[in-house]
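Enquirer: coords please:
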Amino acid sequence: DQGYGNLMLTPEQQADFVGELPEVFVPIKGGWGRMGMTHIRLAKASEDVLTGALRAAWMLRKEKNMKTKKPKSKRVPKRG
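Expert: Residues are numbered from 1 along each chain as shown. The predicted structure is shown next:
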């Protein structure tokens with residue numbers, strides 16, 4: 001409704017994005033924002049900026065998923 005997208009970043013990434021483009025990136029208020037959750041003002045973001053921000057958030061999620069991924073079990077089929 002307000003023209004925001006939301007990104008999950010690290011607090012360090014958030015500080016970099018907000019520091020570089022404060023008119024585009026805004027920390028979400030409260031604890032979520034302190035953990036890196038960030039609004040992006042879509043109307044003020046260029047395609048390149050939006051692409052870069054989405055890529056950063058995607059890479060972070062991908063890394064987290066890889067760390068928590070359980071190894072596949074090597075099940076032996078039952079006989080009989």
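
Enquirer: just the strands from this protein, written as ranges.
Expert: Ranges of strands within the chain are 4-8, 25-27, 37-41, based on DSSP state E.

Enquirer: tell me what the shortest one is packed against?
Expert: In this case it means strand 25-27. helix 11-20, strand 37-41 (3 or more Cβ pairs under 8 Å, 6 or more residues apart in numbering; DSSP states H and E). In short, each C-beta sits where N, CA and C put it, glycine included.

Enquirer: out of the ones you listed, nearest to Y4?
Expert: With Cβ to Cβ, the closest approach to Y4 among the helices and strands packed on strand 25-27 belongs to strand 37-41: 4.3 Å.

Enquirer: for that closest one, packing partners?
Expert: Taking 3+ Cβ pairs under 8 Å, 6+ apart as the contact cut, strand 37-41 packs with strand 4-8, helix 11-20, strand 25-27.

Enquirer: now render the ones you listed as JSON lines, adding mean pLDDT.
Expert: Compiled in JSON lines, the helices and strands packed on strand 37-41 are given as follows (pLDDT from 0 to 100):
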{"stretch": "strand 4-8", "mean pLDDT": "95"}
{"stretch": "helix 11-20", "mean pLDDT": "97"}
{"stretch": "strand 25-27", "mean pLDDT": "97"}
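
Enquirer: distance to W58 for these - can I get that in TSV?
Expert: Output for the helices and strands packed on strand 37-41, formatted as TSV (distance: least, Cβ to Cβ, whole Å):
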stretch	distance to W58
strand 4-8	10
helix 11-20	12
strand 25-27	16
